[in-house]
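S.K.: model the structure of this input:
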Amino acid sequence: MKWPTVRELSALVPLPEGYRFAELNRAMIPSLIAAIRVWYPAISVGVASCYLREDFYVKRVVLDGQDDRDVLVVPFTFDGQLAGVWSFEREIDSLAIYGRLIVLAPEHRGAKLAAIAMNGTENLGRFMGAAFLYALATLKIPHAQRALEGAGFRLLGFFPGYDREEVAPGVVKRVYQAVYAKLLVPEDEVLRPDPRNLTPRARALYGLLFSDVPEAAS
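M.R.: The predicted structure follows:
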């Protein structure tokens, strides 16, 4: 699962006029952290707070075109200025891609970059040889949910208390997250569970979530 270059990503996920993807390098890290802190103040706590730490980029993120890291951070620019950031993680052993983060500067949120990115994730995944895409969405606002559903991701359920958010000044609570996924391989390559191996509760939920998925041909 080789990461695409910025040129390849630009072809896979075309952006509106004036917007570009940028290749992250070490020199950009402080300005990107400062921008994220302004764009998304609530990021100071919780799973995405790592995007405010320089050591996270140095230890885990692809920098200067490396391909030996499993987290990619791609800044959006507009007329050469930072306009947002998109990040995802590859899971090589399961051939999966986890959509970790997308944050936009307030003045660029009308450009529908989040929806464009979510729709383009399938192209990215297929290019990399991924079989499965997944992401978590906040329930604080509906925008991420709409972007994922519009891109054909399936809502699988909720993680109760998975993440932390500052729900009021100085008040941090654990919050629910919606879980979305998209399969990139044909159904006949997937083994569906035998109902006999499911508890009544698991069988009922499985039927509710996947009643529209046809049985694979034997």
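S.K.: residue boundaries of the strands in this protein?
M.R.: 19-21, 71-78, 81-91, 96-104, 132-138, 154-168, 171-183 (DSSP state E).
S.K.: low-confidence ranges in this structure?
M.R.: Residue ranges of the chain with pLDDT under 70: 215-218.
S.K.: if you count contacts, what does the longest helix along the chain end up packed against?
M.R.: Scanning the chain for the helix with the most residues, using DSSP state H, yields helix 113-128. Packing partners of helix 113-128 (3 or more CB pairs under 8 Å, 6 or more residues apart in numbering; DSSP states H and E): helix 6-12, strand 81-91, strand 96-104, strand 132-138, helix 143-150, strand 171-183. All C-beta atoms are positioned from the backbone trio N, CA, C, and that covers glycine.
S.K.: quick one: contacts of the second one?
M.R.: Applying CB atoms under 8 Å, 6 or more residues apart in numbering, the contact partners of strand 81-91 are 1, 3, 19, 31-32, 35-36, 39, 51, 70-77, 96-105, 108, 111, 113, 117, 121, 124, 128, 130.
S.K.: who does it pair up with?
M.R.: Taking DSSP bridges as the criterion, strand 81-91 forms sheet pairs with strand 71-78 (antiparallel), strand 96-104 (antiparallel).
S.K.: those: which one's closest to V47?
M.R.: strand 96-104 (8.4 Å; CB to CB).
S.K.: list of residues touching that closest one?
M.R.: Contacts for strand 96-104 (CB under 8 Å, 6+ apart): 1, 36, 39-40, 43, 48, 51, 71, 76, 83-91, 111, 113-114, 117-118, 121, 124-125, 128, 130-135, 144.
S.K.: domain ranges for the chain?
M.R.: Domain segmentation of the chain under automatic domain parsing yields 6-185, 188-218.
S.K.: and the end-to-end length of stretch 53-68?
M.R.: This stretch, stretch 53-68, spans 20 Å end to end (CA to CA, to the nearest Å).
S.K.: identify all contacting residues around it.
M.R.: 2-3, 5, 23-26, 29-30, 33, 50, 69-73.
S.K.: any of these buried? List them.
M.R.: W3, E23, L24, I29, C50, R69, V71, L72, V73 (16 or more other CB atoms under 10 Å).
S.K.: the residues you listed: which two are farthest apart?
M.R.: E23 and C50 (20.2 Å).
S.K.: what residue is smack in the middle of the chain?
M.R.: G99 (1.7 Å; CA atoms, centre = their mean).
S.K.: what's across from that one in the sheet?
M.R.: F88, A135.
S.K.: measure it to R37 for me?
M.R.: G99 sits 21 Å away from R37, going by CB to CB, to the nearest Å.
S.K.: give me the residues contacting the longest helix of the chain.
M.R.: Against helix 113-128 from outside (CB under 8 Å, 6+ apart): 1-4, 8-9, 12-16, 19, 76, 83-84, 86, 88, 90, 97, 99, 102, 104, 130, 133, 143-144, 146-148, 150-153, 182, 184.
S.K.: so which bits of stretch 103-114 are buried?
M.R.: V103, L104, A105, H108, A111, L113, A114.
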